[in-house]
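S.K.: With the sequence up front, the predicted model follows.
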Amino acid sequence: MVAVNRLLLDNHRMLGKLLVVVAAMFGFGYALVPIYRTICEALGVNVLTLAELRSAGWTGSTAARNTQVDLTRTVTIEFDANSRGPWDFKPEQRSVQVHPGEMTTVMYEFRNLQNRTMAAQAIPSYAPMQASPHFTKLQCFCFNEWTLAPGESKRWPVVFVVDPKLPRDVKTITLSYTFFEVGGKFPQAPAGSAVKATGT
């Protein structure tokens with residue numbers, strides 16, 4: 001009988017401990033919402049709930065505006081392409097106008113005009129130089145070395161964002177690429193063996 005009573009007492013204690021753990025977990029989960037908001041505000045991350053969006057006038061018919069985009073100004077981005085060899089390399093558009101903080105994609109075209117396989121890579125540069133730390137490439141063909149077969153064509157994206165902290169006196173940024181062959185990867189072709197350009 002004493003053993004049974006002791007067992008019941010141990011079970012009641014265990015149940016009490018488990019209930020305390022459950023209550024603590026519920027309280028922690030409930031407290032996560034204000035903690036999360038405080039962290040987001042401290043880090044400058046603007047995350048709104050659906051209820052907050054609706055109370056601010058959002059009807060759900062259009063996407064929420066990205067508040068990190070500076071709509072008060074526009075920066076012209078010019079694209080330049082330099083080839084160091086017998087190939088065709090150019091942007092599909094010469095310039096775009098963007099708002100700082102806005103993600104933008106521009107395509108570049110490349111065609112190997114040689115009669116042999118080649119390895120090449122692009123090196124970017126910026127003008128004015130002060131714009132360089134404020135120009136962030138999220139995706140770029142310049143991150144990799146490329147191998148192209150004779151006459152092979154490629155289209156590559158450059159995805160970038162101009163930092164809203166860009167000085168206000170900078171109105172135009174020129175992104176320039178120099179595409180050069182990586183030597184020693186493939187043998188040189190005989191003179192006059194370039195592939196005839198047919199237009200891409």
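M.R.: Perfect, I can see it now.
S.K.: so what's the backbone phi/psi at residue 133?
M.R.: Residue 133 has phi and psi values of phi -70, psi -10 when expressed as degrees, to the nearest 10.
S.K.: give me every residue that touches it.
M.R.: If a contact means C-beta atoms under 8 Å, 6 or more residues apart in numbering, then residue 133 has residue 163 as its contacts. All C-beta atoms are positioned from the backbone trio N, CA, C, and that covers glycine.
S.K.: now do the one 5 residues further on
M.R.: Neighbour list for residue 138: 103, 159, 160, 161 [criterion: C-beta under 8 Å, 6+ apart].
S.K.: Give the bridge partners for the second one, please.
M.R.: By that I understand residue 159. Beta bridges link residue 159 to residue 105, residue 139, judged by DSSP bridges.
S.K.: Just the helices from this protein, written as ranges.
M.R.: For the chain, the helices defined by DSSP state H occupy 2-43, 50-55.
S.K.: rank those by mean pLDDT and give me the bottom one.
M.R.: Mean pLDDT per stretch puts helix 50-55 lowest among the helices of the chain, at a mean of 49.
S.K.: Residue 72 versus residue 183, what's the distance?
M.R.: Applying C-beta to C-beta, to the nearest Å, the value for residue 183 to residue 72 is 48 Å.
S.K.: I meant to write residue 139 there.
M.R.: From residue 139 across to residue 72, the span is 27 Å (C-beta to C-beta).
S.K.: now swap in residue 80 and tell me
M.R.: Counting by C-beta to C-beta, the gap from residue 80 to residue 72 is 28 Å.
S.K.: same deal with residue 122?
M.R.: Relative to residue 72, and taking C-beta to C-beta, residue 122 is found at 33 Å.
S.K.: do residue 101 as well
M.R.: For residue 101, the distance to residue 72 equals 11 Å [C-beta to C-beta].
S.K.: Which one's more surrounded, those two?
M.R.: residue 101 (17 against 9; other C-beta atoms under 10 Å).
S.K.: where does the closest residue to the more buried one other than its chain neighbours land on pLDDT?
M.R.: When the adjacent residues along the chain are set aside, residue 101 lies closest to residue 69, with 4.0 Å between them (C-beta to C-beta, 6 or more residues apart in numbering). For residue 69, the pLDDT comes out at 87.
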